[in-house]
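Visitor: Sharing a sequence plus its predicted fold:
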There are 6 protein chains.
Amino acid sequence: MGEAALAVVKLGGSLLFEDEGSLKEGYVRGFLRELREYLAESNGRVVVVVGGGRYARNYIQLGRRLGVNEGVLDYLGILVSRLNAATMYAAFYNSPPLIPETLLDVHKLLASGLRVVFMGGLQPGQSTTTTAALVAESLNGSLIIATDVEGIYTDDPKRNPAATLMERVSVEELRRMFQREQVAGEYRMIDVLSLNVIQRSKVKVFVLKGDPPGNIFRALRGERVAGTFIEA
Amino acid sequence: MGEAALAVVKLGGSLLFEDEGSLKEGYVRGFLRELREYLAESNGRVVVVVGGGRYARNYIQLGRRLGVNEGVLDYLGILVSRLNAATMYAAFYNSPPLIPETLLDVHKLLASGLRVVFMGGLQPGQSTTTTAALVAESLNGSLIIATDVEGIYTDDPKRNPAATLMERVSVEELRRMFQREQVAGEYRMIDVLSLNVIQRSKVKVFVLKGDPPGNIFRALRGERVAGTFIEA
Amino acid sequence: MGEAALAVVKLGGSLLFEDEGSLKEGYVRGFLRELREYLAESNGRVVVVVGGGRYARNYIQLGRRLGVNEGVLDYLGILVSRLNAATMYAAFYNSPPLIPETLLDVHKLLASGLRVVFMGGLQPGQSTTTTAALVAESLNGSLIIATDVEGIYTDDPKRNPAATLMERVSVEELRRMFQREQVAGEYRMIDVLSLNVIQRSKVKVFVLKGDPPGNIFRALRGERVAGTFIEA
Amino acid sequence: MGEAALAVVKLGGSLLFEDEGSLKEGYVRGFLRELREYLAESNGRVVVVVGGGRYARNYIQLGRRLGVNEGVLDYLGILVSRLNAATMYAAFYNSPPLIPETLLDVHKLLASGLRVVFMGGLQPGQSTTTTAALVAESLNGSLIIATDVEGIYTDDPKRNPAATLMERVSVEELRRMFQREQVAGEYRMIDVLSLNVIQRSKVKVFVLKGDPPGNIFRALRGERVAGTFIEA
Amino acid sequence: MGEAALAVVKLGGSLLFEDEGSLKEGYVRGFLRELREYLAESNGRVVVVVGGGRYARNYIQLGRRLGVNEGVLDYLGILVSRLNAATMYAAFYNSPPLIPETLLDVHKLLASGLRVVFMGGLQPGQSTTTTAALVAESLNGSLIIATDVEGIYTDDPKRNPAATLMERVSVEELRRMFQREQVAGEYRMIDVLSLNVIQRSKVKVFVLKGDPPGNIFRALRGERVAGTFIEA
Amino acid sequence: MGEAALAVVKLGGSLLFEDEGSLKEGYVRGFLRELREYLAESNGRVVVVVGGGRYARNYIQLGRRLGVNEGVLDYLGILVSRLNAATMYAAFYNSPPLIPETLLDVHKLLASGLRVVFMGGLQPGQSTTTTAALVAESLNGSLIIATDVEGIYTDDPKRNPAATLMERVSVEELRRMFQREQVAGEYRMIDVLSLNVIQRSKVKVFVLKGDPPGNIFRALRGERVAGTFIEA
């Protein structure tokens, strides 16, 4: 991945949340410890993007039953994602959380000297991955998508044991895999809009297994880590 | 209670939340239905103040284990309370939630014509009841504290069957009951700072059982409802 | 289209801008006159969404030559679109322009009583049409896409004279037309993300020829106007 | 007091204001000179919290006579306190004053690199001391309460010559002194809510005589200064 | 003056402030009473612009002695003017004061339905009269300059008993009077920049004696009141 | 000019814009290159103030034809000037543009560590030069007015070949030249309000030819450059 001065790290829900929705204490503790080490020995800066998890789905399902439209339901999901970001901010900085609500806010916080920005979603109709891609693009930075599998496979490993981990895949190849509806679960993390942004700005994207969290920071240090490069 | 043009309604956690933390769908549905009826037949305006419930405590306990200080933990609790307010806003207005973060924001939303403002907490170190009292004071409005008991008793009815419901109680009498540590559970809802605000501005406060939610709006219409008047 | 209480009108660049980039005075004058008439005789409320036109492309091309990344170039385009919205606001209200920068801003302005909101883009990586679809979704309103052709054709009428105007087309059918790369020019106005939003929230969308501007307001009044309904 | 990296200094009204309400030029000059020296030789950061003084009381009394409610009167007092903070900011930085209006604002200014934040009040119903305690808590910093007496006495020295200065006093002991109404004047500076915040977060609080202002910065440098430690 | 739907009223310091700087209770009470009557019987809307008075000069002189530059001193004066505006807001609305800090803020408050906006200064280097002229221009409204004399005289009546009150004066004539340094005291209220704004937008300006305050509202109702029309 | 730690640079329209209104790519490229070099070898900080150019005049003329008042037309001009500032920001930082809208915003951005702030206008009724003078005053910084002529001449060199470049001119002398309407074209850049601000705060002002852009930074480095000092 090469020494990444400015990197965006999108933490997949499966890493971060217990089944009933709360943040996994152990994972958060480990992630923040590794983050502190990384910052202590590098001039790196990191934007951590997190989603809403089970709590978000609870609020969204309740809202849907109460007749709330999809755009506003997205909003509730965004508020939960920002609550999760605020909790990680609080645990990292131990001071009231400054959580961006627009792309400009991200840059104001970075311009003001914060080395780590924690954020959730920005706007309805947009996945957490697309948000992370837009932030990486605007920062001319790289993007690490940390999930619960080693990376992107030729096929869904849960259905096809012969599926192999791809070290590299192009955006076009990924689009074709989507259209052939061939991909399953673990590719849900990347949607069409994310691919558009990644492609138009040649964002360097690396998909890896985010547990143990050390993988993420080894990749940021430029060490060799199992995973998949998405090439614009 | 007399026809209340501008009223603040503080909904107690026990009314609003399931044990595991999510909003009680039935209660929210009933509350919003009664609210719409009340608004349709009156020129009343209502500020609904809600707390964080079990989810807030989950985030706070996690934060505490991760070494976060009490002031910042309060902040996380406030964010959950605003998420609950946003969900009720979304269910009522079916549009992206405008949730106040300062006392001035409450007045900006009212000044802009909103007839119902939904809000959570405002500042660390301050209970939801104190927040509701400050809002009522600034609005020269009345305050309804809706909880899971009929009102304030001479003693804790769960420990002393002879305890009787007080129709009226003075702020001074409540202070003395606090100092004698005589009060339990259901008086937790009113703390010293709330009493200061209620007393200095002679805020009209009525404590009642908020389930069924109709009780609240019958009180707002000036009908006779079981409960306790707190007299400044 | 049926009497539309709350409608979003997206004005296509071809209607609004001279070739060199400035706003077409005649079109703006006519549009605002029709808008005033519509408001005078209805309780309708309108959100007008405009793009950046040639000026935006000038700034974007200059920025690209100066090495600016795509996400930031989108930003410059958004600023031009907001400048165009501000000019129409100024011509309509004759007071300093209040132009939304987030979805929440749109709702704050509407909640404060403004009957017409003028806006440009909201976020990089997102077309003006997607912005209009997100606003319509959040408002539970309908969406009129005003362009320089009668609506959506079975094929590109400039290449295939046999192409006919479709009174109705489904989102799925439009998706297939996109994948077969069969559509040309005038369909550029609707992209994949817009279709996602339109579909998930069953937004009522009507594509029509926006010149003369009277067409738009006749459609809003529920009169019969040539054009294409997009059915979620 | 030990080398305080991040400290909150609450300047008592008696130090800061002439009788008729304006800021004491001599004291402000001396305070800022000592502050500059302290910053020059340490990596310390300071939040200075000031009140409204006589001018605030003038505006509040006028407002009360014009029928304004207590919560809004508090607001006017807060605006005067922020005016005093702005004047000290202007004298220190010689640039337009950036004065926080919420707890989050304090952290935004500190996060942006300001080494000294000047502030007044935050919210009605809350003393300047409570504000200072909440800021100190959120910063995990220490709190110096600078007043016109050496510290906290066993009794009111103006009434009881035998009263002695307490080097240490516990929050519980202070609460009991309050309830016995035994304390007078100079203890007005600490109220119940401040004690709650100090206790729950074990904020290190030192009460000292703030004139000459050098005392404050000697305490911040960890030198021995007469005064009273409040132990949570 | 003709029925003024939207009017800006600039209250001169001599009307509003006691010598030592606080607001004249009697004048404020009278002004607000007349304002309420005017609003009750008309659909008029008023922007009241006030200055800083003696308190502002106290803060500015202190700041100057502490080495603060003129631009920042202007800022302190602006903060005092906003404090005075906030006090009148509180007395009129009895709710936390919403005071504009930019021209756009004025329009946001008016757009949100407020019928009376109270404001102080907007920007250093600009007199309260110029601020009032800019607001009137942006509102296409009229401007009443209420001062302690009947209007504008051919010469300074305190030096030249033969000086007569001018019913009408042109902006050009006023400019010449300025250049001949012939004007004194009571013309200080109008400076070169105000005249530029008045002239370029043909703002209707009426200078009158603001005590009793009834004069102002009689002029707004279109009744005949002694004073001077400034003609662009 | 002496080593200028904090300088404001006002770039004249004639330097910056092509005739049809777009930014001159060559000039912008050269200016930013020189700016980077200057920053690399000094601890200087620069506020770059730009105007609206031809595009602004297009929008303003269109608005005027559509009946928009002068104050609001100024606003449209300000929005174009901020768009130009945003484009230079994007080219310099390659991240979403943070453009100030008030004087306080300028200081927030500088306080947050930005070494270069790009800005357009702040308020209607105020020239770009006055804006630059107000910013320089508030920063206690110097002001460079970069235009398309060597500086200020005894007379208009286009009409009077005998006119000579003045190395120094006083504010009073400039005022007299204005009143005698003797000055033409290139003095338009300084108006009465700018002179007031320059004079009252003794802002160091240097007028020079801004093409090649190297002149500007040679002056900032304290090297000898042809131009005119305006002495307060």
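Guide: Structure received. Numbers count the residues shown, from 1 in each chain, chains lettered A, B, ... in the order given.
Visitor: So which residues on chain A come close to chain B?
Guide: A:20, A:22-23, A:25, A:28-29, A:32, A:55, A:58-59, A:62-63, A:65-69, A:71-73, A:75-76, A:79-80, A:82-83, A:86-87, A:90-91, A:94-97, A:124 (C-beta under 8 Å from any C-beta of the partner chain). Any C-beta I mention is one placed from the backbone N, CA and C, and that applies to glycine too.
Visitor: ok, now which ones touch A:Arg54?
Guide: Listed by C-beta atoms under 8 Å, 6 or more residues apart in numbering or on different chains, the contact set of A:Arg54 reads A:17-21.
Visitor: Kindly provide the distance from it to chain E.
Guide: Separation of A:Arg54 from chain E (C-beta to the nearest C-beta, to the nearest Å) stands at 38 Å.
Visitor: Just the closest residue of chain A to chain D, please.
Guide: Nearest residue of chain A to chain D: A:Ser112, at 3.8 Å (C-beta to the nearest C-beta).
Visitor: which parts of chain A sit against chain D?
Guide: Counting by C-beta under 8 Å from any C-beta, chain A sits next to chain D at A:94-96, A:98, A:109, A:112-114.
Visitor: just to revisit the earlier point, which ones among the residues of chain A next to chain B lie within strands?
Guide: In strands, judged by DSSP state E, none of the residues of chain A next to chain B are found.
Visitor: Mind checking which of those are in helices?
Guide: If you go by DSSP state H, those have A:25, A:28-29, A:32, A:55, A:58-59, A:62-63, A:65, A:71-73, A:75-76, A:79-80, A:82-83, A:86-87, A:90-91 in helices.
Visitor: Mind checking which of these are buried?
Guide: Taking 16 or more other C-beta atoms under 10 Å in any protein chain shown as the criterion, what is buried in those is A:28, A:32, A:55, A:58-59, A:62-63, A:71-73, A:75-76, A:79-80, A:82-83, A:86-87, A:90-91.
Visitor: Check which helices and strands the helix or strand of chain A with the lowest mean pLDDT is in contact with.
Guide: Taking mean pLDDT, DSSP states H and E as the measure, the helices and strands of chain A show their lowest mean at helix A:171-179, namely a mean of 82. Applying 3 or more C-beta pairs under 8 Å, 6 or more residues apart in numbering or on different chains; DSSP states H and E, one finds that helix A:171-179 contacts helix A:192-200, strand A:227-231.
Visitor: Which residues of chain A lie near chain F?
Guide: A:103-104, A:107-108, A:111-113, A:138-140.
Visitor: Which members of those residues are classed as buried?
Guide: Buried members of the residues of chain A next to chain F, scored by 16+ other C-beta under 10 Å, are A:103-104, A:107-108, A:111-112, A:138-140.
Visitor: Identify the residue spatially nearest to the most centrally placed residue in chain A, adjacent ones excluded.
Guide: In chain A, the centroid-proximal residue (C-alpha atoms, centre = their mean) is A:Lys10; its distance is 1.5 Å. Counting by C-beta to C-beta, 6 or more residues apart in numbering or on different chains, A:Lys10 lies nearest to A:Ala132, which is 3.9 Å off, once chain neighbours are set aside.
Visitor: re earlier: now the helices and strands packed on helix A:171-179 as TSV including mean neighbour count?
Guide: Formatted as TSV, the helices and strands packed on helix A:171-179 follow (neighbours: other C-beta atoms under 10 Å in any protein chain shown):
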stretch	mean neighbour count
helix A:192-200	22
strand A:227-231	21
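Visitor: Among those, show the one with the smallest mean pLDDT.
Guide: Ranked by mean pLDDT, those bottom out at helix A:192-200, with a mean of 89.
Visitor: And that one, how far out from the chain middle?
Guide: With C-alpha atoms, centre = their mean, to the nearest Å as the basis, helix A:192-200 stands 15 Å off its chain's centre.
Visitor: next one: stretch A:156-169
Guide: Counting by C-alpha atoms, centre = their mean, stretch A:156-169 is centred 21 Å from the centre of its parent chain.
Visitor: Averaged pLDDT, it. What do you get?
Guide: Average pLDDT, stretch A:156-169: 88.
Visitor: Now that stretch: buried residues?
Guide: Buried residues in stretch A:156-169, counted by 16+ other C-beta under 10 Å: A:157, A:166, A:169.
Visitor: what secondary structure does A:Ala146 sit in?
Guide: strand (DSSP: H, G, I helix; E, B strand; the rest coil).
Visitor: what's the pLDDT at it?
Guide: Confidence score, pLDDT, at A:Ala146: 96.
Visitor: surely it meets A:Lys209?
Guide: Yes. Between A:Ala146 and A:Lys209 there is a contact under C-beta atoms under 8 Å: 7.4 Å.
Visitor: Now for these two: what residues contact both?
Guide: Residues within reach of A:Ala146 and of A:Lys209 at once, by C-beta under 8 Å, 6+ apart, are A:Asn215.
Visitor: what about the two, which has more around it?
Guide: It is A:Ala146, of A:Ala146 and A:Lys209, that has more neighbours when counted by other C-beta atoms under 10 Å in any protein chain shown, with 25 against 18.
Visitor: Next, work out how far apart that one and chain C are.
Guide: For A:Ala146, the distance to chain C (C-beta to the nearest C-beta) stands at 22 Å.
Visitor: what stretches of chain A score poorly on pLDDT?
Guide: Residue ranges of chain A with pLDDT under 70: A:1-4, A:179-189.
Visitor: Kindly recompute the last result at 80.
Guide: Along chain A, segments meeting pLDDT under 80 span A:1-4, A:156-158, A:177-192.
Visitor: of all of it, which residue lies closest to chain E?
Guide: Scanning chain A for the residue nearest chain E gives A:Leu104, at 17.5 Å (criterion: C-beta to the nearest C-beta).
Visitor: Next, that residue: phi, psi?
Guide: Here is the backbone geometry of A:Leu104 (degrees, to the nearest 10): phi -60, psi -40.
Visitor: what's the spacing between it and chain C?
Guide: Relative to chain C, and taking C-beta to the nearest C-beta, A:Leu104 is found at 8 Å.
Visitor: what do you get for A:Thr131?
Guide: Using C-beta to the nearest C-beta, one gets 10 Å for the distance from A:Thr131 to chain C.
Visitor: name the helices or strands packed onto the helix or strand hosting that residue?
Guide: Using DSSP states H and E, A:Thr131 sits in helix A:128-139. In terms of contacts (3+ C-beta pairs under 8 Å, 6+ apart), helix A:128-139 is packed against strand A:6-11, strand A:45-50, helix A:103-111, strand A:142-147, helix A:192-200, helix C:70-93.
Visitor: at 6 Å instead, please
Guide: strand A:6-11, strand A:45-50, helix A:192-200 (3 or more C-beta pairs under 6 Å, 6 or more residues apart in numbering or on different chains; DSSP states H and E).
Visitor: which neighbours does the second one have in its sheet, and in what orientation?
Guide: With DSSP bridges as the criterion, the sheet partners recorded for strand A:45-50 are strand A:6-11 (parallel), strand A:116-119 (parallel).
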